[in-house]
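*Asks:* structure for this input, please:
(one chain, ligands or ions: 1)
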Amino acid sequence: MPLVVAIDGPSAAGKGTLARRLAAELGLAHLDTGLLYRATAALALAERAAPDDALLEAAARRLAGPDLLRAGLRSEHVGRWASRAAALPGVRAALLAFQRRFAAEPPEGRAGAVLDGRDIGTVICPDAPVKLYVVASDEARARRRHEELQSRGEPANYAAVLQDLRDRDRRDSERAAAPLKPAEDAVVLDTTDLDVEQAFQEALRIVRERLSANPKA
Ligand code: DC
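*Replies:* Prediction:
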């Protein structure tokens, strides 16, 4: 069985950067599963400015590789619609097989994969030997998201970013379908007071500790 490292947590907690760096360090493939929900939303938005549930579900079913390369997937607008799409069981079901296949048969013959998202440790790969749940204070996450938007030249207002992040967290955590929550066997990593390098070193330490403690891995 390929090694799976599951990384979950709320938006802007630093999961993406961590997942990418861990994958590079360990020679594993990486899948940003949020991108699947964003691409689904973008595909539906390309057809209608305010897509309904049926259109979002249809978009998830016909999602293909090139859709993940579409421009603008990281925008706040697409993110808001992705969060809506992510609450629909039909969308989640349509995206499940792709994620499981990526974990079971990582591309380029890699020995395993790092998947980051909201439900990797709880739903997509519940048997993953290493699970991290990355958190940070609302303010730290809003600050990071705000800086990221500014660096991309997107208009950004700190108070609006903070509010938007809280709304999205609430929707992701309170939805009935695969809500955002730590798996029972996840290690919680709080990055509030850590810079990118410190968070990475700490995550690497946790992963190595888990791997040496887990003969399955
Ligand atoms: O991490 P992100 O901001 O790119 O995620 C976009 C949306 O998709 C976010 O509202 C949460 C949702 N999502 C999810 O429900 N399950 C995942 N595994 C990944 C993302």
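*Asks:* elements contacting the helix or strand hosting residue 99?
*Replies:* Mapping residue 99 onto the secondary structure by DSSP states H and E places it in helix 89-104. Secondary-structure packing of helix 89-104 (3 or more Cβ pairs under 8 Å, 6 or more residues apart in numbering; DSSP states H and E): strand 29-32, helix 34-47, helix 53-61, strand 112-117. Where you see a C-beta, it was placed from the backbone N, CA and C, and this is true even at glycine.
*Asks:* relative to helix 53-61, how tilted is it?
*Replies:* 10 degrees (axes from the mean of the first three to the mean of the last three Cα atoms, to 10 degrees).
*Asks:* mind listing what's buried in stretch 204-217?
*Replies:* Buried residues in stretch 204-217, counted by 16 or more other Cβ atoms under 10 Å: 206, 207, 210, 211, 217.
*Asks:* in a markdown table, list the helices and strands packed on helix 89-104 along with mean neighbour count.
*Replies:* What follows is the helices and strands packed on helix 89-104, written out as a markdown table (neighbours: other Cβ atoms under 10 Å):
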| stretch | mean neighbour count |
| --- | --- |
| strand 29-32 | 20 |
| helix 34-47 | 22 |
| helix 53-61 | 19 |
| strand 112-117 | 27 |
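*Asks:* in TSV, list those along with mean pLDDT.
*Replies:* Shown next, in TSV, are those (pLDDT from 0 to 100):
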stretch	mean pLDDT
strand 29-32	96
helix 34-47	97
helix 53-61	97
strand 112-117	97
